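Chemist: Okay, predicted coordinates and the sequence, questions at the end:
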Amino acid sequence: MTKKIGKPEIFSLGLQHVLAMYAGAILVPLVVGGALQFTPQQIAFLVSIDLLTCGIATILQSMKGKYIGLGLPVVLGTSFVAVSPMIMIGTNYGISAIYGSIIAAGIFIILFSGLFGKLIKLFPPVVTGTVVSIIGLSLIPTGIKNMGGGASSSDFGSAENLILSFGVLAVILVMNRFLKGFLRAISVLTGIIVGTIAAAFMGKIDTVAVADANWFHIPTPFHFSTPSFEIVPILTMILVGIVILVESTGAFLALAKMTDRELTEKEITRGYRTEGIAFTLGGIFNAFPYSTFAQNVGLIQLSGIKTRSVTIAAGFILIGLGLVPKIAALATLIPTAVLGGATVIMFGMVVSSGIKMLNGVDFTDNNNLLIIACSISLGLGATVVPELFAGLPATLRIIVSDGIITGSLTAIILNMIFNMRPKRSIQVIPDATLEPKVKNLS
């Protein structure tokens, strides 16, 4: 959009970002809270504080300061990488150890963000394009399952779910084909609203969650317990944090490409430092570790709106939802099939961004072809067949059970092997037999 975006438009675009990431944001507290046998009231607190912390982290990362903030249109949400480790830590060491380990991991990332920032040279176009493509490809199966109503739903793949999901997809495509400007930019938001209204006429909307939710909620630090610091949980969560940074780096570089920016080492360092702060806030408020959400990267590519004011607005909306649980519960009315119709196209746009980033790669070099082939195969394979690594130790499973991380690490390592080999210097040894012979004329 060339014209200046007004406040109502900024709010609508920010709300679109919130709805795009909402299901992923609340799924983690539901899964973790259920696994740790939290009460419904405790799970409701987890959801509220998670949304509020997502909002704070999003604002900090979208802003650009001297020491924190990437300064890109970034939306942060709860990282799925941390789900299994958090459940493991809570089961074996207690809830207090979960939040102690998250705080420690956040401090570790803050302290070593400068060192991690120096590793940006490990991400040339062949790596960044591959990683971003893997992020999108790994998320597409989730979007497809959502189109059917959710993998665990009793009516998965029913005609009603397919009508809703493909109807939302059709609305988004039609708006992108025939509309321009702001109306085209809010195609995803419009599709979700139209799909939800259609679902209501089908009788697929349950308002119980809205009726039971509280009107106001005041977050308090250390709500569940004072954090405890155990060495094994801390080391586990530090490993999780490093893995999340690798995943976020792909999103950072994709956003930089979309906004025509070349990220410097200092900017990457600020981005990592801010994610460390988000980790620490999550531990203090008994929430979760956070990372950059790929679906919002796809939404930016689809909408064409690349201004930070929109994601900052999304951050304030998330904070508001965290403080007013009854309003937050309204978003739970959106059926999974409706969200599936919207997210599947956004995940596909992430793949498109990755392919676009690969344009600068020399495909006549067989080494680059091998890097892309192996990374995408292993990354997508780990996503589709996660049980492949079920027999590995828990520490290794944290790294390889996530397809995005598996593919990303494969790309980084193979690029180091094939494209970052030290050049051999040719040493010229003078041959005495070739020296000119000078006659003694005296």
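Modeler: Nice, I can see it.
Chemist: Report how many residues lie close to residue 372.
Modeler: 21 (other C-beta atoms under 10 Å). Every residue, glycine included, has its C-beta placed from N, CA and C.
Chemist: Quickly note the distance from it to residue 419.
Modeler: Residue 372 sits 12 Å away from residue 419, going by C-beta to C-beta, to the nearest Å.
Chemist: again, but for residue 346
Modeler: Taking C-beta to C-beta, one finds residue 346 at 31 Å from residue 419.
Chemist: quick one: which of these two has more around it?
Modeler: When neighbours are counted by other C-beta under 10 Å, residue 346 and residue 419 differ, and residue 346 comes out ahead with 25 against 14.
Chemist: Pull out the buried residues from the host helix or strand of the more buried one.
Modeler: If you go by DSSP states H and E, residue 346 is part of helix 336-357. Residues of helix 336-357 classed as buried: 336-351, 353-354, 356-357 (neighbour count, 16 or more other C-beta atoms under 10 Å).
Chemist: Check stretch 248-267 too.
Modeler: So, applying 16+ other C-beta under 10 Å, buried residues of stretch 248-267: 248-258, 263, 267.
Chemist: do stretch 92-108 as well
Modeler: For stretch 92-108, using 16+ other C-beta under 10 Å, the buried residues are 93-108.
Chemist: And stretch 163-178, by the same measure?
Modeler: Applying 16+ other C-beta under 10 Å to stretch 163-178 flags 163-169, 171-172, 175-176 as buried.
Chemist: re the thing from before, will you turn the buried residues of stretch 248-267 into CSV that also has pLDDT and secondary structure?
Modeler: Converted to CSV, the buried residues of stretch 248-267 look like this (pLDDT from 0 to 100; DSSP: H, G, I helix; E, B strand; the rest coil):
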residue, pLDDT, secondary structure
248, 83, helix
249, 84, helix
250, 78, helix
251, 82, helix
252, 87, helix
253, 83, helix
254, 82, helix
255, 87, helix
256, 86, helix
257, 83, helix
258, 84, helix
263, 83, coil
267, 89, helix
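Chemist: ok, so of the residues you listed, who is nearest residue 383?
Modeler: Nearest to residue 383 among those: residue 250, at 14.6 Å, using C-beta to C-beta.
Chemist: residues in contact with the closest one?
Modeler: 128, 131-132, 134-135, 404, 408 (C-beta atoms under 8 Å, 6 or more residues apart in numbering).
Chemist: Run through the helices of the stretch 251-400 of the chain in chain order.
Modeler: 265-284, 294-303, 308-323, 325-330, 336-357, 366-384, 394-400 (DSSP state H, counting those that start in this stretch).
Chemist: Residue 26: which of these is closest?
Modeler: Closest among the helices of the stretch 251-400 of the chain, once you apply C-beta to C-beta, is helix 325-330, at 8.3 Å.
Chemist: still on that earlier bit, quick one: average confidence on the helix holding residue 346?
Modeler: For helix 336-357, the mean per-residue pLDDT is 82.
Chemist: Output it as PDB, restricted to C-alpha atoms.
Modeler: Presented in PDB, the C-alpha positions along helix 336-357 are these (Å, rounded to 0.1, in the frame of the first residue of the first chain):
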ATOM      1  CA  THR A 336     -10.400 -25.300  13.600                       C
ATOM      2  CA  ALA A 337     -11.500 -25.900  10.000                       C
ATOM      3  CA  VAL A 338     -11.900 -22.200   9.500                       C
ATOM      4  CA  LEU A 339      -8.400 -21.500  10.800                       C
ATOM      5  CA  GLY A 340      -7.100 -24.400   8.600                       C
ATOM      6  CA  GLY A 341      -8.400 -22.700   5.500                       C
ATOM      7  CA  ALA A 342      -6.600 -19.500   6.400                       C
ATOM      8  CA  THR A 343      -3.300 -21.000   7.700                       C
ATOM      9  CA  VAL A 344      -2.700 -23.400   4.900                       C
ATOM     10  CA  ILE A 345      -2.300 -20.600   2.400                       C
ATOM     11  CA  MET A 346      -0.100 -18.600   4.900                       C
ATOM     12  CA  PHE A 347       2.200 -21.700   5.400                       C
ATOM     13  CA  GLY A 348       2.400 -22.000   1.600                       C
ATOM     14  CA  MET A 349       3.400 -18.400   1.400                       C
ATOM     15  CA  VAL A 350       6.300 -19.200   3.700                       C
ATOM     16  CA  VAL A 351       7.400 -21.900   1.200                       C
ATOM     17  CA  SER A 352       7.100 -19.300  -1.600                       C
ATOM     18  CA  SER A 353       9.400 -16.900   0.300                       C
ATOM     19  CA  GLY A 354      12.000 -19.600   0.800                       C
ATOM     20  CA  ILE A 355      11.900 -20.500  -2.900                       C
ATOM     21  CA  LYS A 356      12.300 -16.700  -3.700                       C
ATOM     22  CA  MET A 357      15.400 -16.600  -1.400                       C
END
